[in-house]
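Peer 1: structure here, sequence nowhere to be found:
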């Protein structure tokens with residue numbers, strides 16, 4: 001069975017004037033439109049996360065030049081700016097919402113910038129955007145208790161189901177962080193597949209709960225974007241990110257170990 005490598009693009013905010021908290025991981029509307037034009041001109045065929053996972057589970061062939069367009073958190077610019085560019089090319093996408101960050105009855109006030117409201121989320125769903133989960137309050141899931149972990153996963157799913165009338169199947173880990181415990185909980189609470197970060201191309205061999213994505217940032221130029229979607233120079237492009245991730249992983253493991261010792265002593 002083919003183990004084709006697929007670029008899964010990870011976006012956050014699409015904004016003309018993002019705030020400082022979201023600026024680095026935002027993309028200007030004009031840049032996003034240009035990037036979508038590159039995908040169209042080069043014959044890429046976007047899939048949803050559920051669509052990719054279904055192909056890999058069933059053994060069905062992927063379309064030629066597959067790519068995924070994904071958005072995390074739920075920023076208002078996905079509706080205002082990204083949706084028209086997606087619609088122009090007839091591209092599907094996947095949006096992973098932190099339900100406690102969206103404007104409306106479940107808003108905890110944690111959103112980093114102007115967030116979507118539920119009417120806008122329904123508009124996106126009606127336009128062919130898969131709505132997935134990104135937890136309720138966007139914690140580092142591998143650092144929370146079992147009870148909190150399950151609450152974050154279940155409450156998010158219940159809210160999306162209630163608001164959209166359909167059960168979401170795909171999940172994206174906040175900050176990209178997961179662990180064996182987190183992945184098992186995601187599976188046990190009924191999510192069918194989940195996306196990490198990793199800044200590498202996705203492969204079937206990664207399994208349905210640890211598919212890698214590549215980060216698109218405000219500083220991502222069009223030539224770098226073209227190399228990214230073609231799968232060229234990925235390791236070089238994200239070398240600094242990987243070094244930082246490895247260093248931070250050591251810190252996070254130490255923090256987790258301290259928490260476990262502290263709980264054992266309680």
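Peer 2: All right, it came through fine. Since the model is a prediction, treat every value here as computed from it, not as a measurement.
Peer 1: dihedrals phi and psi, the residue lying closest to residue 211 once chain neighbours are set aside?
Peer 2: The shortest distance from residue 211 to any non-neighbouring residue, by C-beta to C-beta, 6 or more residues apart in numbering, is to residue 202 (4.4 Å). In short, each C-beta sits where N, CA and C put it, glycine included. Main-chain dihedrals, residue 202, degrees, to the nearest 10: phi -80, psi 140.
Peer 1: any low-confidence regions in the stretch 1-150 of the chain?
Peer 2: The stretch 1-150 of the chain contains residues with pLDDT under 70 at 1-3.
Peer 1: contacting residues for the residue nearest to residue 211?
Peer 2: When contacts are counted by C-beta atoms under 8 Å, 6 or more residues apart in numbering, residue 202 touches 5-8, 52, 68, 211-213.
Peer 1: can you lay out these as JSON lines showing distance to residue 121?
Peer 2: What follows is these, written out as JSON lines (distance: C-beta to C-beta, whole Å):
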{"residue": "5", "distance to residue 121": "31"}
{"residue": "6", "distance to residue 121": "25"}
{"residue": "7", "distance to residue 121": "25"}
{"residue": "8", "distance to residue 121": "21"}
{"residue": "52", "distance to residue 121": "21"}
{"residue": "68", "distance to residue 121": "19"}
{"residue": "211", "distance to residue 121": "23"}
{"residue": "212", "distance to residue 121": "26"}
{"residue": "213", "distance to residue 121": "21"}
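Peer 1: got a quick ChimeraX command for the buried subset of those?
Peer 2: Those of the contacts of residue 202 that count as buried under 16 or more other C-beta atoms under 10 Å are selected in ChimeraX with:
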select :6,7,8,52,68,211,212,213
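Peer 1: tell me, how many residues neighbour residue 99?
Peer 2: 27 (other C-beta atoms under 10 Å).
Peer 1: for residue 39, same thing?
Peer 2: Around residue 39 there are 21 residues (other C-beta under 10 Å).
Peer 1: cool, residue 16 as well?
Peer 2: That count, for residue 16 with other C-beta under 10 Å as the rule, works out to 11.
Peer 1: name the helix or strand for it, please.
Peer 2: Under DSSP states H and E, no helix or strand contains residue 16.
Peer 1: do you know how far the residue lying closest to it once chain neighbours are set aside is from residue 233?
Peer 2: Closest residue to residue 16 apart from its sequence neighbours, by C-beta to C-beta, 6+ apart: residue 29 at 6.0 Å. Computed as C-beta to C-beta, to the nearest Å, the residue 29 to residue 233 distance reads 26 Å.
Peer 1: got it, and residue 97?
Peer 2: 32 Å.
Peer 1: more neighbours: which of these two?
Peer 2: The residue with more neighbours, out of residue 97 and residue 233, is residue 97; 30 against 12, by other C-beta under 10 Å.
Peer 1: how many residues are close by the nearest residue to that one once chain neighbours are set aside?
Peer 2: Counting by C-beta to C-beta, 6+ apart, residue 97 lies nearest to residue 74, which is 4.1 Å off, once chain neighbours are set aside. As a burial measure, residue 74 scores 28 neighbours (other C-beta under 10 Å).
Peer 1: from what I can see residue 74 touches residue 101, true?
Peer 2: Yes. Between residue 74 and residue 101 there is a contact under C-beta atoms under 8 Å: 5.9 Å.
Peer 1: and for those two, which residues touch both?
Peer 2: 111, 115.
Peer 1: ok, the residue nearest to residue 132 when sequence neighbours are not counted - contacts?
Peer 2: Among residues not flanking residue 132 along the chain, residue 170 sits closest, at 3.7 Å (C-beta to C-beta, 6+ apart). By C-beta under 8 Å, 6+ apart, the residues touching residue 170 are 48-50, 53, 94, 96, 130, 132-133, 191-195.
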